[in-house]
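A.B. asks: What would the 3D arrangement of this be:
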Amino acid sequence: MSNNVTQWCLRPAAAVLLGVLALPAGAVDLKTADGAWTFSIDGEVNVDYIFSSCESPTSAVSVAGGLACVGSASGSSVSNIGNGLLPAAFSFGVATTQDGIDLAAHLGLYPGIATNDGGSPNLQAGTSNGSSNTALGSTGLDIRQVYMTFGNKDMGTFTLGRNIGLFGADVILADMTLPGVGAPGSAAGPAPANTTLGGIGLGYIYTDWLAQIDYTTPDVSGFNLTVGIFDPINSLTDIGTVEAKKAPGFHGKITYTIPLAGEGNKLYFSVAAIQQKQYYQISGYPSAIAVTPYSYNGTGGDFFAKLDLQGLEIVGYVYDAKGLGTTALFLDGAFDSIAAGELGETRKSYGFLGQITYKVGPVKFGYNHGDSRLDFADALDQASDPDLVRSNRKDTVGIYYSLTKALMLLAEGSYVKDVSAAGSNKGTTVNVGAYLGF
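C.D. replies: Model prediction:
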């Protein structure tokens, strides 16, 4: 799996993200003359110096889908100045209440600072020399979020549009590396994308931004339920010709918040699930003139818990999936081989992330560890893909200092290890930077 594939993974919404970071959102609100509509803007800008010490190419082993960086003939050290797990974000909102129903719409713009004129700020096409990080270039702009909501506290809320998914959302929003870097991803290569990996593929699958229609129930003694459908997405790695989907994807999430004694103290739980079917066809199998359709089901579930107790925060997360793959939705989720006579044989994936942070005055100290694992579909899969990644794991320590209410200075150190049957690769990354939220 190339860095180009792994690096389009990840950049959550500023309005949502600022609410879970140490820096509070300070949106600018403007009202129409009659006071009926409120317009708002909020966002953030983050920049880091990122230095990685990668596995030497002389000792590196083949790990297909591994996330540890590997050096080149010129050396194993890589420097980069770029965004971290988040790009910059500028989020625009409009809201009103009509006939007792709250209405709102949101548009999120996400520019980066990497030079990447490769056609996409995250899936870079590159130039003739294999890199889009060249002179005369420009940065890219993501427009990944546009949605509307309507409802109220009695009827619940409907959300329609492109927004963050449900499966895997809570863990990335709670990841302490969100304002920082975590795993470097393509920042440890010659063509940096707009974002790093953080903990994506290293404890959780990227939730992604999906076109969806959801309904969230009113709060009932701390309980909420969200159910919805989303536009089915295609696999990143199936070898067949993609067919139109016959049904949407489905996802759901239950959350429960328990207030504890003391201001801001609480215990939060969530359980999320996702399901979507893939449809493909292969030409020339089992005979030269045959066209063979095939399909498989991708499912996943996760459990998230977070304890807030004074300055202490503890996070635990686990997921289990089949056919979804690892790192991104439907990446290496199934085994396809005409030679082996198998199509759409699903692989099991699972993983976990644990995190503890403690804040003393303006300074927050943190540590997290995550591990994402992928199993072969069967013995034929193992024989055909012996170098398939079995585990991507990461440890990160970080210090986050709120110099002002809006400005955070931070430093992190991360260790990444990937494993296949051939062995393992290891890399370390340190980064220092600043995060400005408004």
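A.B. asks: what ranges do the helices span in the protein?
C.D. replies: 3-7, 14-20, 169-174, 379-384 (DSSP state H).
A.B. asks: In terms of mean pLDDT, which of these ranks lowest?
C.D. replies: Least confidently modelled of these is helix 3-7, at a mean of 41 by mean pLDDT.
A.B. asks: got the contact list for residue 216?
C.D. replies: 151, 156-159, 224-226 (CB atoms under 8 Å, 6 or more residues apart in numbering). Using the backbone N, CA and C atoms, a C-beta is placed for each residue, glycine as well.
A.B. asks: confidence score at it?
C.D. replies: For residue 216, the predicted pLDDT is 98.
A.B. asks: Setting aside sequence neighbours, what's the nearest residue to residue 161?
C.D. replies: residue 147 (2.7 Å; CB to CB, 6 or more residues apart in numbering).
A.B. asks: burial of the one you found, as a residue count?
C.D. replies: Residue neighbour count, defined by other CB atoms under 10 Å, stands at 21 for residue 147.
A.B. asks: Who are the contact partners of it?
C.D. replies: Contact analysis of residue 147 by CB under 8 Å, 6+ apart lists 105-106, 159-163.
A.B. asks: Which one of the residues you listed sits in the busiest neighbourhood?
C.D. replies: Neighbour-wise, the contacts of residue 147 (other CB under 10 Å) top out at residue 163, 25 neighbours.
A.B. asks: so where's the stretch 251-400 of the chain shaky on pLDDT?
C.D. replies: Across the stretch 251-400 of the chain, nothing is flagged by pLDDT under 70.
A.B. asks: the strands in it, which residues?
C.D. replies: In the stretch 251-400 of the chain, the strands defined using DSSP state E, counting those that start in this stretch lie at 266-283, 291-309, 312-322, 334-337, 342-346, 348-360, 363-374, 391-402.
A.B. asks: In CSV, list those along with mean neighbour count.
C.D. replies: Putting the strands of the stretch 251-400 of the chain into CSV (neighbours: other CB atoms under 10 Å) gives the following:
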stretch, mean neighbour count
strand 266-283, 19
strand 291-309, 18
strand 312-322, 19
strand 334-337, 22
strand 342-346, 20
strand 348-360, 18
strand 363-374, 20
strand 391-402, 21
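A.B. asks: Could you point out which of these sits nearest residue 56?
C.D. replies: strand 391-402 (19.2 Å; CB to CB).
A.B. asks: roughly how far is the closest one from the heart of the chain?
C.D. replies: Centroid displacement of strand 391-402 relative to its chain, using CA atoms, centre = their mean, to the nearest Å, is 16 Å.
A.B. asks: Name every strand pairing with it and say which way it goes.
C.D. replies: strand 363-374 (antiparallel), strand 407-420 (antiparallel) (DSSP bridges).
A.B. asks: Export the contacts of residue 147 to TSV and append columns for pLDDT and distance to residue 390.
C.D. replies: Converted to TSV, the contacts of residue 147 look like this (pLDDT from 0 to 100; distance: CB to CB, whole Å):
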residue	pLDDT	distance to residue 390
105	97	44
106	97	40
159	98	37
160	98	40
161	98	38
162	97	34
163	97	33
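A.B. asks: want to throw those residues into TSV with distance to residue 84?
C.D. replies: TSV is the format used below for these (distance: CB to CB, whole Å):
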residue	distance to residue 84
105	28
106	23
159	27
160	31
161	26
162	23
163	22
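A.B. asks: could the strands of the stretch 251-400 of the chain go into CSV alongside distance to residue 238?
C.D. replies: Below are these laid out as CSV (distance: least, CB to CB, whole Å):
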stretch, distance to residue 238
strand 266-283, 5
strand 291-309, 9
strand 312-322, 15
strand 334-337, 6
strand 342-346, 8
strand 348-360, 16
strand 363-374, 16
strand 391-402, 21
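A.B. asks: which stretch among these comes nearest residue 64?
C.D. replies: Of those, the one closest to residue 64 (CB to CB) turns out to be strand 363-374, at 10.1 Å.
A.B. asks: ok and that closest one relative to strand 348-360, angle-wise?
C.D. replies: Put simply, strand 363-374 runs at 170 degrees to strand 348-360, going by axes from the mean of the first three to the mean of the last three CA atoms, to 10 degrees.
A.B. asks: Dump strand 363-374 to PDB, keeping only the CA atoms.
C.D. replies: What follows is strand 363-374, C-alpha atoms only, in PDB (Å, rounded to 0.1, in the frame of the first residue of the first chain):
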ATOM      1  CA  VAL A 363       0.300  21.900  30.400                       C
ATOM      2  CA  LYS A 364      -1.100  18.500  29.300                       C
ATOM      3  CA  PHE A 365       1.100  15.400  29.400                       C
ATOM      4  CA  GLY A 366       0.000  12.300  27.400                       C
ATOM      5  CA  TYR A 367       0.800   8.800  26.300                       C
ATOM      6  CA  ASN A 368      -1.100   6.500  23.900                       C
ATOM      7  CA  HIS A 369      -0.500   3.100  22.400                       C
ATOM      8  CA  GLY A 370      -2.400   1.600  19.500                       C
ATOM      9  CA  ASP A 371      -2.300  -1.600  17.500                       C
ATOM     10  CA  SER A 372      -4.200  -2.600  14.300                       C
ATOM     11  CA  ARG A 373      -4.100  -6.200  13.100                       C
ATOM     12  CA  LEU A 374      -5.200  -7.900   9.900                       C
END
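A.B. asks: quick check, distance from it to the centre of its chain.
C.D. replies: Counting by CA atoms, centre = their mean, strand 363-374 comes out at 14 Å from the chain centroid.
A.B. asks: would you list every one of the strands in the stretch 1-150 of the chain?
C.D. replies: According to DSSP E, counting those that start in this stretch, the strands that the stretch 1-150 of the chain contains are 28-31, 38-53, 77-82, 89-98, 101-111, 141-152.
A.B. asks: Could you dump those into JSON lines and include distance to residue 360?
C.D. replies: Converted to JSON lines, the strands of the stretch 1-150 of the chain look like this (distance: least, CB to CB, whole Å):
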{"stretch": "strand 28-31", "distance to residue 360": "31"}
{"stretch": "strand 38-53", "distance to residue 360": "23"}
{"stretch": "strand 77-82", "distance to residue 360": "29"}
{"stretch": "strand 89-98", "distance to residue 360": "28"}
{"stretch": "strand 101-111", "distance to residue 360": "32"}
{"stretch": "strand 141-152", "distance to residue 360": "34"}
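A.B. asks: Can you flag the weakest of those strands by average pLDDT?
C.D. replies: Per-segment mean pLDDT for the strands of the stretch 1-150 of the chain reaches its minimum on strand 28-31, at a mean of 84.
A.B. asks: do you know which of the strands of the stretch 1-150 of the chain lies nearest residue 369?
C.D. replies: strand 38-53 (18.9 Å).
A.B. asks: Identify each buried residue in that closest one, please.
C.D. replies: Residues of strand 38-53 classed as buried: 38, 40, 42-46, 48, 50-53 (neighbour count, 16 or more other CB atoms under 10 Å).
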